[in-house]
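Novice: With the input below, show me the fold.
(one chain, ligands or ions: 1)
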Amino acid sequence: MSRLDSFLRRMGAQRDSLNWVAPRLEGLEGDVIEMGLGNGRTYDHLRELFPDRRIWVIDRALNCHPSCVPPEELFLQGEAEHMLDDLHARGVRAALIHYDFGSGTDMVDQAESRRLSPHLAQVVVPGGYVVSGQPMAGMTQMKGPDHVDPARYMIYQL
Ligand SMILES: C[S@@+](CC[C@H](N)C(=O)[O-])C[C@H]1O[C@@H](n2cnc3c(N)ncnc32)[C@H](O)[C@@H]1O
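Specialist: A predicted model of the protein is given here:
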């Protein structure tokens, strides 16, 4: 498979996994946390899916498209681990975390996602979801949309 095909599949799996989880959040209280603002594409999608929820955004840099700049008070600039611990200490709880960190080097990215897993888990409400492009440790993966390869995009319910 060409890298272009692989990229398109990953983007499709990402969007379809978020769309699949969205109606399942009904009745669950909590905010949404976007980990990895990047260009702001998935943040923009989350804003469409969850217009009534507070969406926190974590990234070490603000480099997004001008139309996707989060409100200042909801953008947490810095290293994820500290930002998540800070949210936890402030009593923030999430019904959904979307994890989109990744450099393209599997070993490095997977070590990072596993290391960060407990920092994510502490802020997710019981029954809440983590949707992720990288594997998490200590969370039970569930089957998402039929056409999404569970090794390509992962859904966990806590
Ligand atoms: C793949 S990009 C996110 C793409 C974005 N979701 C989009 O749709 O445009 C990953 C982002 O995560 C950020 N990032 C990676 N590791 C991080 C960490 N440990 N703490 C904070 N930000 C991190 C990078 O700065 C980068 O902007």
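Novice: alpha carbons only for contacts and neighbour counts from here, please
Specialist: Noted.
Novice: and the residue nearest the centre of the chain, what element?
Specialist: For the chain, His98 is the residue whose C-alpha lies nearest the centre (Cα atoms, centre = their mean; 1.1 Å). Secondary structure assigned from DSSP states H and E places His98 in strand 94-99.
Novice: what's the answer for Leu18, then?
Specialist: Assigned by DSSP H and E, Leu18 belongs to helix 3-21.
Novice: Can you give me the neighbour number for Gln141?
Specialist: By the measure other Cα atoms under 10 Å, the count of residues near Gln141 is 18.
Novice: so it makes contact with Met154?
Specialist: Yes: using Cα atoms under 8 Å, Gln141 is in contact with Met154, at 6.8 Å.
Novice: Longest strand of the chain, counting residues only.
Specialist: Across the chain, the longest stretch assigned as strand under DSSP state E is strand 124-132.
Novice: now the angle between helix 3-21 and that strand, please.
Specialist: Using axes from the mean of the first three to the mean of the last three Cα atoms, to 10 degrees, the interaxial angle of strand 124-132 with respect to helix 3-21 works out to 160 degrees.
Novice: Give me the residues contacting strand 124-132.
Specialist: For strand 124-132, contacts defined as Cα atoms under 8 Å, 6 or more residues apart in numbering pick out 17-18, 21, 25, 28-30, 93-100, 153-158.
Novice: Done for today, thanks.
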